[in-house]
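> Output the structure for:
(one chain, ligands or ions: 3)
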Amino acid sequence: MHKLISENVRRVQLVRQEWKKSSYAISRARVLAWPGICVVIGAVVWGVTVTRIEAERSLLNDAALQEAGSLAKAYSAQLTRSVEQLDQITLNLQYFWETAGGLNLEEQMRRGLYAKSSQLRVTLFDSRGHLSQSTSLRVGDIYIHDRDWFQQHMMGRVDGLRINKPEIALQSDAKVVRFTRSLADRNRSFAGVISVIVEPQYLASFTDQESLSRNDFIALYRNDGEMLASKSGKGTVDASSMFTTLPAFQGTSGSMPLSGSWFPDSEPRVVAWHAVEGYPLLSVVGLSEQAYLEPFKSMREDYLRFAFAASAFLIFTAVFGMAFTAGLAWRKKQAEELRKAYHLAIDGAREGFYMVRAIYDGRSNLIDFALVDCNERGASLVGTTKDRLIGTRFSQLFTGNEASRAFAVFQNAMEAGFYEAEMKVPPENPLKVNWVYQKLVRSGNGLAITVRDISETKEHEETLASVANSDELTSLPNRHWLMHYLPLAVEKARVTGSMLAVMFVDLDDFKIINDTLGHAAGDELLQAAAGRIRSVVRPTDHVVRLGGDEFTVILEQVTSSDDVVRVADRIISTLHEPFLIAGGSSHVVYGSVGVSLFPEDGADAKTLLKHADIAMYAAKGSGKRHYCFFEERLSERLLSRMKNEKALQQAITFDEFELYYQPRVDTYSGELRSMEALVRWRHPERGMVPPMDFIPIAEETGLIVALGELVARKACRQLAAWKAAGMRVVPVSINVSPRQFSQGGLSALFASCLLETGLDSSLVEIEVTETCMMSEDSIVAEELAEIESLGIKLLVDDFGTGYSSLAQLQRLDMDVLKIDKAFTAQLDDSKEGEALVMAVISMAHVLGMSVVAEGVETRQQLQVLQALSCNEVQGYLISRPVPAEEVPHILDRRFLFTPAASARDEEFVR
Ligand code: C2E
Ligand code: MG
Ligand code: MG
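Residues are numbered from 1 along each chain as shown. Ligands and ions are numbered 1, 2, ... in the order given. Model prediction:
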């Protein structure tokens, strides 16, 4: 068993290790899937967000580029008109100057050709570079010959309108942009320069100004990169370049985004340019990214907020998912581990495992069980396969009586929660083995059942037990077997709720057969009795020999006490049939039967046996050939017996006994011949107790040995005392029980009594019962011989009640025969009795024995005995047993009746 368990434990551990390895990898992958998936989703969310943001940005960028482009175009168109206007003015002036041979600007101003509000200033310079006329300047000694632009005109390098780079005005600090055109005389030689100046503001005013925001700008550049005018969204006009380094403006128009490094204020912008038609000029528009991306900002924030929220959610989901999956995996792992371990344990086990589920009807009554799981071993124990067995109903597996028995066991286990027992498998049981050890444990709404095949062990045990458990003589099971079996039978009866009977059978008077015919005959009778008892019970019942002439019968599955009565009757009558033993002689014994029933007379084997024993004693007490059922009051009777035994023991210790003496007289003369010592118990409470009330107990318990010694010594001492007192004593006969003989040491006792008292052996006689004489025990024979050799007379007491024959008695050298009072009683009115007594007396005389008639109560009996030549008589007619103090009077009287001429006239002394 231990080995089996450790084997299973080792297998389970192996599986656990394997499982741990593989499941660890699986569960780790599952747990990590959560952050993995969340990272992917997060990446997608962020990817989409960033893409969307970028798309929005590039959309706005494109829009900005487009807007900048169209603004640059519109600005360029506006500039074309403005510069054309200026160009027109210079052309007109040139024309007037060349056709009219001069100009009078003052006249023109007066005539209102130049509005006062006009921002244009027209100035004429002569061929040497002196200011000759001006719409705004005072003509004086202003000389501009050294100016580069003038030099260029003078050298004839300017063709048409020249747009100069901004410069400080001649008579103010203001910055201006100058447009110049050469003047020629009639010879086409250089004659001076017409100059129109405008403030940069003039060139930087733009009708779409409102569409510019703070950091936007517009600017006008010459093709060589010189900035002429610029204006920012703030409205400030700045002469300094809008760029840190001028970018390359390719083509006539275009647009591009530029980073902050291109601009002095480090603001990134989109820049668009457009060529001013007809002039070497470029309109440039810069739109601040900050401005045009303004709507994008909040949108971007919205996107980012969403992405962050999604990320937070994903992180939470990942953590929660990991925890959840880990938990789930852990639980699953645990469950799986358990399941695997369970299956490995049960599948590899040598025991059969079954899981059954209880089935109830609508009213919650347990009606059946369904087999929900089992192992291979379990299936093979039932002789089938696991697949076939699972799903089977209890009612399909079990049939007949076995179904109700097993169902009761299952039901019991459901109620009590646990049941375990060894079981000899009945033939109707589906288990295909002989012996099983089964354990049922309630598990939820069902039972977990373990069944171990213990047939082999049991068979081995059985072989061993059959040696130790059976009685050699009768081959019946013995006491040892009973002590083992009965508790199991009681338990089984308890579980199945059935009735069980324990019967005690005692053979009455068997002892006599044993004592008279010898042990061999006794054995023969016991064997025959055992066979008879066996023959009247069912094969399933058990007959046990407890020892001696005691048998026990166990009746199981008893339905009513009537069954038990029938069996008891059968046992008594079968035993009453004469037994032919000892070479064919017929002998009759009787049986007494005591019965105790489970559960009413006892809950355990010990109590049941005790009560059956008590009942058996009661049966014996109520006369032989009876049966008796246990009752509580019987127990009381037994208790009182035990009390008596104890009291008797005490009485011996404290010598509460007295001897009464009953005379034995000559049948004819009435002369005192002897006295029989009869013991009495002077009980402190009950008064004088007769021997029949305590001698049997003393015999049964063995106390008779001590009591016998007490009586022998008392009688001898008394006799010695009378003798010492000078009385004419007669012999005293002392009753000796068979048990004192078989115990041995009796002759030694009497020898010591004689020695102690100095009495002559002829003064002591011993009365022995007939049955005692017949014993084949060598001790008895030896004792008898030794007593005889001491010179002590031997009397056969109560002759006629036993089975001895006179011939046997003679062989034993008995001196006196005492005819039992039952025979004497028959002398009154029965001729048959008379004939019987006569035969006994005649035979005894022939064999040399004298005869005493006991229990002589009437004169008629005395007369018959006189007529039959009986030697001595004893009985109430002559004298009742008397206490010691009355004996001297009898001894004195000597003749207890005087013989008369006629028997009718006999005179009795009372
Ligand atoms: P027993 O040895 O046969 O003794 C004779 C019994 O018959 C005595 O009974 C006596 O009182 C009674 N008896 C005498 N004459 C008559 C009569 O005319 N009619 C009737 N009905 N009975 C008469 P007791 O004293 O009650 O003793 C009964 C038995 O007890 C004795 O039978 C003897 O077997 C036994 N017993 C008595 N004393 C002792 C003893 O010291 N040792 C042993 N082992 N047994 C004793
Ligand atoms: Mg006697
Ligand atoms: Mg007698």
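
> who touches stretch 368-383?
Residues lying outside stretch 368-383 but in contact with it, judged by C-beta atoms under 8 Å, 6 or more residues apart in numbering, are 343, 346-347, 349-359, 385-386, 388-395, 397, 410, 430-433, 436, 446-447, 451, 453. C-betas here are computed from N, CA, C, even on glycine.

> List the buried residues in that stretch.
Residues of stretch 368-383 classed as buried by neighbour count (16 or more other C-beta atoms under 10 Å): 368-371, 373-382.

> Put the alpha carbons of it into PDB.
Taking Å, rounded to 0.1, in the frame of the first residue of the first chain, the C-alpha atoms of stretch 368-383 are listed here in PDB:
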ATOM      1  CA  ASP A 368     -30.100   6.300  -8.400                       C
ATOM      2  CA  PHE A 369     -26.500   7.000  -9.200                       C
ATOM      3  CA  ALA A 370     -24.800   7.700 -12.400                       C
ATOM      4  CA  LEU A 371     -21.200   6.800 -13.000                       C
ATOM      5  CA  VAL A 372     -19.500  10.000 -14.300                       C
ATOM      6  CA  ASP A 373     -15.900   9.000 -14.300                       C
ATOM      7  CA  CYS A 374     -13.600   6.100 -13.600                       C
ATOM      8  CA  ASN A 375     -10.100   4.800 -14.300                       C
ATOM      9  CA  GLU A 376      -9.100   1.900 -16.500                       C
ATOM     10  CA  ARG A 377      -8.500  -0.200 -13.400                       C
ATOM     11  CA  GLY A 378     -12.000   0.600 -12.200                       C
ATOM     12  CA  ALA A 379     -13.500  -0.500 -15.500                       C
ATOM     13  CA  SER A 380     -11.500  -3.700 -15.600                       C
ATOM     14  CA  LEU A 381     -12.700  -4.600 -12.100                       C
ATOM     15  CA  VAL A 382     -16.200  -4.500 -13.500                       C
ATOM     16  CA  GLY A 383     -15.000  -6.400 -16.600                       C
END
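
> Quick check: longest strand in the chain by residues?
In the chain, taking DSSP state E as the definition, the longest strand is strand 672-683.

> In its sheet, which strands sit next to that strand, and in what direction?
Applying DSSP bridges to the sheet, strand 672-683 is found paired with strand 657-666 (antiparallel), strand 687-689 (antiparallel), strand 732-736 (parallel).

> Return the distance of it from the chain's centre.
Relative to its parent chain, strand 672-683 has a centroid offset of 75 Å by C-alpha atoms, centre = their mean, to the nearest Å.

> quick one: is it near ligand 3?
No - using C-beta under 5 Å from the ion, strand 672-683 stays clear of ligand 3, with a minimum separation of 8.2 Å.

> Need the winner for burial among the strands paired with strand 672-683.
With neighbours taken as mean count of other C-beta atoms under 10 Å, those reach their highest mean count in strand 732-736, at a mean of 25.

> does the closest residue to residue 523 other than its chain neighbours count as helix, strand or coil?
Closest residue to residue 523 apart from its sequence neighbours, by C-beta to C-beta, 6 or more residues apart in numbering: residue 473 at 5.8 Å. Secondary structure of residue 473, reduced to three states by DSSP: H, G, I helix; E, B strand; the rest coil: coil.

> Test my guess that residue 473 contacts residue 522.
No - Residue 473 lies out of contact with residue 522 (C-beta atoms under 8 Å); the separation is 9.8 Å.

> Which stretches in the stretch 351-500 of the chain count as helices?
Assignment of helices within the stretch 351-500 of the chain using DSSP state H, counting those that start in this stretch yields the ranges 376-381, 386-389, 394-397, 400-416, 455-469, 479-496.
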